[in-house]
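Visitor: I'll drop the sequence and a predicted model, then ask my questions.
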Amino acid sequence: MEIPSRVCGAQPHVMKKTQITQFLQSFVAIPLFAITMPLTGASLTAPMTPESANITGAIVTPLLTQEEQAIRKEQAEAIDDFLKERKSPLAGYGQKFVEEAYKNEIDYRLLVSIAGRETTFYRKGSECKNPKGRNNPFGFGSCKIGFKSIDEAIEVVSKKLGGNDENLKHYKTDMTSEQILKKYNPDHIVPGYSKQVVRIMKMIDDSQEIV
């Protein structure tokens, strides 16, 4: 039924438009209300499990204990302090070195010490001379391989030395630091290379056994 135009001073065509709008909105509001109101005793969100995490591609990372966090922080600080004393531009990357070392199960001092032996901790004038070896403090690939950043260099080389790169078969996941070093730069090519790097590792922290 059409509402008379005298009601509230409104014109007939205006009231019709308002009625139609309200009528249509009622259809929108009802399903939205039904969706946002969960059924009694039911949960709309399924609990996260390792299986469901794998389906969505999520990575389940175990939480560190306070003791483990404290140890890693101390190791990162030891690296940064060591590098600051030597005026190395790598100072400040201590946490990154430690994170990638644990992720790839290598000694946290190994990669820093390789940088010390290869490029004098990446101090100016000691970098790879080959223009291809940009952001490569480790002399990796005979300085013929470059990286987008120091972070990427730490990530990639740590992964390779830890035996987690399928394209680099001669590094194994269960190798010791000394075994890794003898693959990285064999003593018959550079005599005493592994011992020189190990010596630097002990300079960073001699209280822990080198693994």
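Guide: On my side now, so go ahead. Numbering: from 1, shown residues only.

Visitor: and the nearest residue to Ser158 once chain neighbours are set aside, what element?
Guide: Spatially, and ignoring its direct neighbours in sequence, Ser158 is nearest to Glu100 (3.8 Å; C-beta to C-beta, 6 or more residues apart in numbering). Yep, even glycine has a C-beta here, placed from its N, CA and C like the rest. Taking DSSP states H and E as the criterion, Glu100 maps to helix 94-104.

Visitor: what does the next helix or strand after that helix rub up against?
Guide: Using DSSP H and E, the helix or strand that follows helix 94-104 towards the C-terminus is helix 110-119. Helix 110-119 has contacts (C-beta atoms under 8 Å, 6 or more residues apart in numbering) with 79, 82-83, 86, 88, 90, 97, 100-101, 121-122, 126-128, 137-139, 154, 157-158, 161, 177, 180-181, 184, 193, 196-198, 200-201, 204.

Visitor: and if we set it to 7 Å?
Guide: 79, 90, 97, 101, 121-122, 126-128, 137-139, 154, 157-158, 161, 177, 180, 184, 196-197, 200-201, 204 (C-beta atoms under 7 Å, 6 or more residues apart in numbering).

Visitor: which of those are buried?
Guide: Taking 16 or more other C-beta atoms under 10 Å as the criterion, what is buried in the contacts of helix 110-119 is 79, 90, 97, 101, 121-122, 127-128, 137-139, 154, 157-158, 161, 177, 180, 184, 196-197, 200-201, 204.

Visitor: average pLDDT across stretch 153-162?
Guide: Averaged over stretch 153-162, pLDDT sits at 98.

Visitor: Glu99 - how many residues pack around it?
Guide: A count of nearby residues for Glu99, using other C-beta atoms under 10 Å, gives 16.

Visitor: any idea what the residue nearest to it when sequence neighbours are not counted is structurally, helix, strand or coil?
Guide: Distances taken as C-beta to C-beta, 6+ apart put Arg72 closest to Glu99, at 7.7 Å, once the chain neighbours are dropped. State at Arg72, reduced to three classes by DSSP: H, G, I helix; E, B strand; the rest coil: helix.

Visitor: ok, back up a step: my guess is the residue nearest to Ser158 contacts Glu155, does it?
Guide: Yes - counting by C-beta atoms under 7 Å, Glu155 is a contact partner of Glu100 at 5.6 Å.

Visitor: Which of those two has more residues huddled nearby?
Guide: Neighbours per residue, other C-beta under 10 Å: of Glu100 and Glu155, the larger number sits with Glu100, 22 against 17.

Visitor: Now do the contacts for that one.
Guide: Ile154, Glu155, Ser158.

Visitor: do Arg86 as well
Guide: By C-beta under 7 Å, 6+ apart, the neighbours of Arg86 are Phe121.

Visitor: quick one: it and Asn185, what's the gap?
Guide: Distance of Arg86 to Asn185, computed by C-beta to C-beta, to the nearest Å: 21 Å.

Visitor: ditto for Gln95
Guide: 26 Å.

Visitor: if you count what's nearby, which of those two comes out ahead?
Guide: It is Asn185, of Gln95 and Asn185, that has more neighbours when counted by other C-beta under 10 Å, with 18 against 15.
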